[in-house]
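>>> sequence below, structure please.
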Amino acid sequence: MGAAARWSSCSRRDAVILPFPRWLAAALVAVTLAVGLLGLGRPLANPDEGRYSEISREMVASGDWVTPRLNGIKYFEKPPLQYWATAVAFELFGEHEWSARLYVWLAGLASLAFAGFAAARLAGNDTGLATMLVLAASPYFMALAGIVTLDMGLTLWTSATFFAFLLSEEAGASPGAQRRWMLAAWAAMALAVLSKGLVGIVFAGAAVFFAMLLRRDAGILRRMHWGWGLVIFLAIAAPWFIAVSAANPEFARFFFIHEHFERFLTHEHRRVQPAWFFLPIVLAAFLPWMYSLVACLRHAWKSPEAGFALRMSLAWSAFILVFFSASGSKLPAYVLPLVPSLAFALGHYLVRAPLPRLAISAWLLLAAAAALTACAAVLPSLTRDAWNQELYVAARPWAAASALALVLAAVASLVQLREARRWQALAAVAIGSLVAVGLLGKAYETLTPRQSGIAVAAAMKPLLGPSTRLYSVSYYDQTVPFYTGRTLTLVSYVDEFETGLAAQPQLAVAHLDDFPAEWLRPGDALAIMQPGAYEKMKAAGLPMQVVQSDPRRVLVRKP
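You can find the predicted model right below:
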């Protein structure tokens, strides 16, 4: 059969979908695990990776698993589930970069696996496999599965709440199965609250609201098993909130009012972005198949095959997008929780889409490869200093390798599509995207001197004695306490420590002008300074010996 005939025969929606080859499944699992494992050991980056790893380290060091502390200062911005999980990893395996990332990586794998399982139960095994392929091919999802933030943990437990609720409402579910899945949803909601706060309840409530709306059935409320559900929820979520509030009178007001309502309704955190900020992020999250999103939405909502679960996935994903778009504080990772549910709808579409339409994914990979190559070529020339320029130049080979992986994946996908091999074509895109993300991680690792304090911490360690005082002056590197195993006294720096320092002002030096007297006290001392602060102290004649410096920080020792 000629190429034209093959493409013509592939243009229809094939009635028979060939089975997913087992060897291909094994290859996907192997690549997913390899890329994830190889990325776990890179140095921690500022700010989030250093912050959340250090809070867990201090839990282990202090033995206090109730009151989170960052740099020795009370820190109430988020609940403790991820801190606890990482602290357990530190206890079991030691304090390493890979053990700091372990919970996040496992949460990503669990999100992928549970989304695939639920999709298979709700819409068939083919949709379950395609859902996992969509997530594996998402550069946004897979990259965040290797970065220490709280968003992947929240994604796991909010997605588990959502899918467990859908499974409890599955047509034909026995009373016993319905009860088990609904109670599982209550438990997952509690873990979502312990991951990032009241948003876990808001997202769960939205799922119930849309279910009643779509089915025009208020009887869903009677099927929620409120008695045992509330018992399970409170048994999991309430003890920590009670304990931390009892130990810290300032906690309740800060956490429930400031961190939820004031953060959402105001611009206090200076994360102001336009209302459309998350739209390109969602498109990029599904990069290989972003072109299919509109067709996927139409298919999931209107096609004869569309059902309650698919419509719910769209409604719930849209709610999360609108919810965070309305917030006065926006960060790129916030919309991660909508990715698994939207991947379900997209996976259902990709299994049934005309094969020529899938070829567009290959051309998008080629476009992404071209854009990546252009960025790698141009970025060094846009930097302001030789130091940054050298770092970007060092990243070029890895960026080029990542682009090559995308090109090879695109070619492989097109070849498989010409032979009407849907699964092989989809898998080629997923594997290429996975490898590209892993190689981009290596490119990012070359920027470590700028993104991490591991080098300055290494320079500090030989100079540290039991009584050496450490200062961080007009600057705070989130990774340095983790790598030195020591907290630092903040000087003229507040930022996220405002609430903690209000309760513990003795842990910091409030004004830069007070630093010279503190520095000159008897005993050894080291300080990391913002370069401007160093120049000011040098001009004032403060005795300092420079140990290490770069455009971001200066490490000095008391002579």
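
>>> which residues in the stretch 201-350 of the chain form helices?
Counting by DSSP state H, counting those that start in this stretch, the stretch 201-350 of the chain has helices at residues 226-247, 251-252, 263-265, 278-285, 293-302, 308-325, 338-352.

>>> now do the stretch 451-559 of the chain
Counting by DSSP H, counting those that start in this stretch, residue ranges of the helices within the stretch 451-559 of the chain are 454-460, 480-484, 498-503, 515-519, 531-539.

>>> picking up where we left off before, quick one: closest of the helices of the stretch 201-350 of the chain to Glu419.
helix 338-352 (17.5 Å; Cβ to Cβ). All C-beta atoms are positioned from the backbone trio N, CA, C, and that covers glycine.

>>> in CSV: the helices of the stretch 201-350 of the chain, plus mean neighbour count and distance to Ala204.
Listed next are the helices of the stretch 201-350 of the chain as CSV, based on neighbours: other Cβ atoms under 10 Å; distance: least, Cβ to Cβ, whole Å:
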stretch, mean neighbour count, distance to Ala204
helix 226-247, 15, 10
helix 251-252, 16, 22
helix 263-265, 15, 17
helix 278-285, 17, 21
helix 293-302, 16, 21
helix 308-325, 21, 10
helix 338-352, 28, 13
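
>>> could I get the ones you listed as TSV with mean pLDDT and distance to Trp23?
Compiled in TSV, these are given as follows (pLDDT from 0 to 100; distance: least, Cβ to Cβ, whole Å):
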stretch	mean pLDDT	distance to Trp23
helix 226-247	97	41
helix 251-252	89	53
helix 263-265	64	48
helix 278-285	93	28
helix 293-302	84	28
helix 308-325	95	30
helix 338-352	94	20
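
>>> re the thing from before, of all the helices of the stretch 451-559 of the chain, which one is nearest Ala430?
Ala430 lies closest to helix 454-460 among those, at 32.4 Å (Cβ to Cβ).

>>> please parse this protein into its domains.
20-353, 356-448, 454-557 (automatic domain parsing).

>>> what about the residue lying closest to Ala25 once chain neighbours are set aside, which SS state?
Using Cβ to Cβ, 6 or more residues apart in numbering and skipping residues adjacent in sequence, the residue nearest Ala25 is Leu129, 7.9 Å away. For Leu129, the secondary structure call by DSSP: H, G, I helix; E, B strand; the rest coil comes out as helix.

>>> in the longest helix seen in the chain, what counts as buried?
Of all the segments of type helix in the chain, defined by DSSP state H, the longest one is helix 386-418. By 16 or more other Cβ atoms under 10 Å, the buried positions in helix 386-418 come out as 388, 391-392, 395-396, 398-410, 412-414, 416-417.

>>> next one: that helix to chain centre, how far?
Centroid separation for helix 386-418 versus its chain: 23 Å, with Cα atoms, centre = their mean, to the nearest Å.

>>> and it, average pLDDT?
Averaged across helix 386-418, the pLDDT comes to 95.

>>> so which elements touch that helix?
helix 3-10, helix 355-382, helix 422-445, helix 448-451 (3 or more Cβ pairs under 8 Å, 6 or more residues apart in numbering; DSSP states H and E).

>>> tell me which of these sits nearest to Ala34.
helix 422-445 (7.8 Å).

>>> was I right to think Glu250 contacts Glu498?
No - Glu250 is beyond contact range of Glu498, at 11.2 Å (criterion: Cβ atoms under 8 Å).

>>> count the residues that sit near the nearest residue to His96 once chain neighbours are set aside.
Nearest residue to His96, sequence neighbours excluded (Cβ to Cβ, 6+ apart): Gly41, at 7.4 Å. As a burial measure, Gly41 scores 13 neighbours (other Cβ atoms under 10 Å).
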